[in-house]
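Asker: Sequence and predicted model, in that order:
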Amino acid sequence: MSGPVVGIVGSGAVGQTLAASLVAAALPGRLLVVSRQPDQVHGLTADLQDLAHTARSRSQVEAGEVADLHGCDALVIALRTGFTNTAQRDIRRGGATANAPALDALARELRGYRGTVLVVTNPVDLMARRFGEVSGCSRVYGIGSNLDSARYRLLLARYAQVSPELVRGHVIGEHGDRAVVCASTTTVGSRPIAVPVRTVVADLQRRPALIRGGIGRTRCGPAGAVLSTLRKTLGLADGIEELSVPYGDVYLGIPLRFTGGKAVPSVPPLTRSERLRLDSAASSLRDAYAQLPALPERIAT
Ligand SMILES: NC(=O)c1ccc[n+]([C@@H]2O[C@H](COP(=O)([O-])OP(=O)(O)OC[C@H]3O[C@@H](n4cnc5c(N)ncnc54)[C@H](O)[C@@H]3O)[C@@H](O)[C@H]2O)c1
């Protein structure tokens, strides 16, 4: 076996699609799948082993327990506890109260873990912060703003009728209703472009609903965002990912430039109104974090 060892926690829509993407790309030497439902994990593991064999992938796939995750180079947390999301606005924040205790329990078991942790569980900016604070892990990144940014570049390329590779631009802040479009620094073919911000924001907000309406859950986009981030964090590729990391006293999405697996913040110059929107996202996330269920006394940080 050669190649990094990657663990996935959660074997639902995102976990399954991600696992299949990783095996098809032959990124992990070994892939460990951990979840709450043993039947689901064992079924998925067998299916992925079939994929590895048919696609001639070198990835070995195994079911594992949380304790086994300490041996991984990178972990992806894509769990979702059972709850009904009734939120009409701030939909991703609807899972905060339900998911936080599961993240806490996992974080406690992973104290001392030294690898990379990618948090996918929503609301990702709050869950990444919670996981980072409870576990003490230093390489915790929330996935979401890079997916927003990829969608943004795709939509702009369609408006401008150019290839998406020609579009440069970021969506930062919250992976949610307070995402900030960095319109002032967006370029197409190295030239500034007048971004139709309202149209873009409306289209960005509609896109997850469009996907959910058709296939129940978003899964392929997040899987791609994780795959791309794993390559950067494991030092297999250099480049920029917009990820949720500590920003002042909160976590929110900013561009990080990865070189050889090491990240340096690379926030573009912001106009006054972009800066105000980012500050507003930070303030709202700070308030929402304070509303999360309290940590048990003995582990409060
Ligand atoms: N950040 C992003 O860009 C992004 C995109 C899409 C989805 N998400 C989020 O990812 C999460 C997963 O979404 P999904 O559609 O795969 O959900 P899902 O309900 O299909 O799957 C959730 C999985 O988590 C497992 N699970 C539940 N509690 C667990 C625990 N305590 N320990 C281990 N496993 C546990 C379940 O058994 C199930 O396998 C959700 O929070 C969703 O909102 C984030």
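Answerer: Looks like it came in fine.
Asker: Quick check: pLDDT value at the closest residue to the ligand within the chain.
Answerer: Across the chain, no residue is closer to the ligand than Gly12, which sits at 1.7 Å (C-beta to the nearest ligand atom). C-beta: built from backbone N, CA, C; applies to glycine. Per-residue confidence (pLDDT) for Gly12: 97.
Asker: quick one: contacts for it?
Answerer: Gly12 makes contact with Ser35, Gln40, Ala78, Leu79, Arg80, Arg217 under the criterion C-beta atoms under 8 Å, 6 or more residues apart in numbering.
Asker: again with Gly235
Answerer: With C-beta under 8 Å, 6+ apart, Gly235 has these contacts: Phe258, Gly260, Gly261.
Asker: what about the helices in the stretch 201-301 of the chain?
Answerer: 220-233, 272-290 (DSSP state H, counting those that start in this stretch).
Asker: Identify the residues contacting the shortest one?
Answerer: The list of residues contacting helix 220-233 from outside it, by C-beta under 8 Å, 6+ apart, reads 6, 14, 17-18, 20-22, 25, 27, 74, 76, 78, 116, 118, 120, 139, 141, 143-144, 146-147, 150-151, 211, 236-239, 241, 243, 258, 261, 263.
Asker: List only those of these flagged as buried.
Answerer: 6, 14, 17-18, 20-22, 27, 74, 76, 78, 116, 118, 120, 139, 141, 143-144, 146-147, 150-151, 241, 243, 258, 263 (16 or more other C-beta atoms under 10 Å).
Asker: So which of the residues you listed belong to helices?
Answerer: Val14, Thr17, Leu18, Ala20, Ser21, Leu22, Asn146, Leu147, Ala150, Arg151 (DSSP state H).
Asker: can you list the residues of the stretch 201-301 of the chain near the ligand?
Answerer: Arg217, Thr218, Pro222 (C-beta under 6 Å from any ligand atom).
Asker: which helices and strands does the one helix or strand Ala96 maps to pack with?
Answerer: Here Ala96, judged by DSSP states H and E, is contained in helix 96-109. Packing partners of helix 96-109 (3 or more C-beta pairs under 8 Å, 6 or more residues apart in numbering; DSSP states H and E): helix 124-135.
Asker: which outside residues touch the helix it packs on?
Answerer: Against helix 124-135 from outside (C-beta under 8 Å, 6+ apart): 77, 92-93, 96, 99-100, 103-104, 106-108, 110-111, 113, 117, 119, 121, 137, 140-144, 174-176, 244-246, 250-253, 285, 288-289, 292, 295, 299, 301.
Asker: Report how many residues lie close to Ala63.
Answerer: 18 (other C-beta atoms under 10 Å).
Asker: Oh, that last question was meant for Arg89, not what I typed.
Answerer: 8.
Asker: can you check the one 10 residues further on too?
Answerer: Per other C-beta under 10 Å, the neighbour tally for Asn99 reads 22.
Asker: what's the closest non-adjacent residue to Ala13?
Answerer: Arg217 (3.8 Å; C-beta to C-beta, 6 or more residues apart in numbering).
Asker: residues contacting the most centrally placed residue in the chain?
Answerer: For the chain, the residue nearest the mean C-alpha position is Ile143 (1.5 Å; C-alpha atoms, centre = their mean). Shown in contact with Ile143 (C-beta under 8 Å, 6+ apart): Leu118, Val119, Val120, Val124, His175, Pro222, Ala225, Val226, Thr229, Leu243, Ser244.
Asker: Contact partners for the closest residue to the first one other than its chain neighbours?
Answerer: I take that to be Leu118. Nearest residue to Leu118, sequence neighbours excluded (C-beta to C-beta, 6+ apart): Val76, at 4.7 Å. Neighbouring residues of Val76 by C-beta under 8 Å, 6+ apart: Val6, Gly7, Ile8, Val9, Gly15, Leu18, Leu118, Val120, Val226, Leu230.
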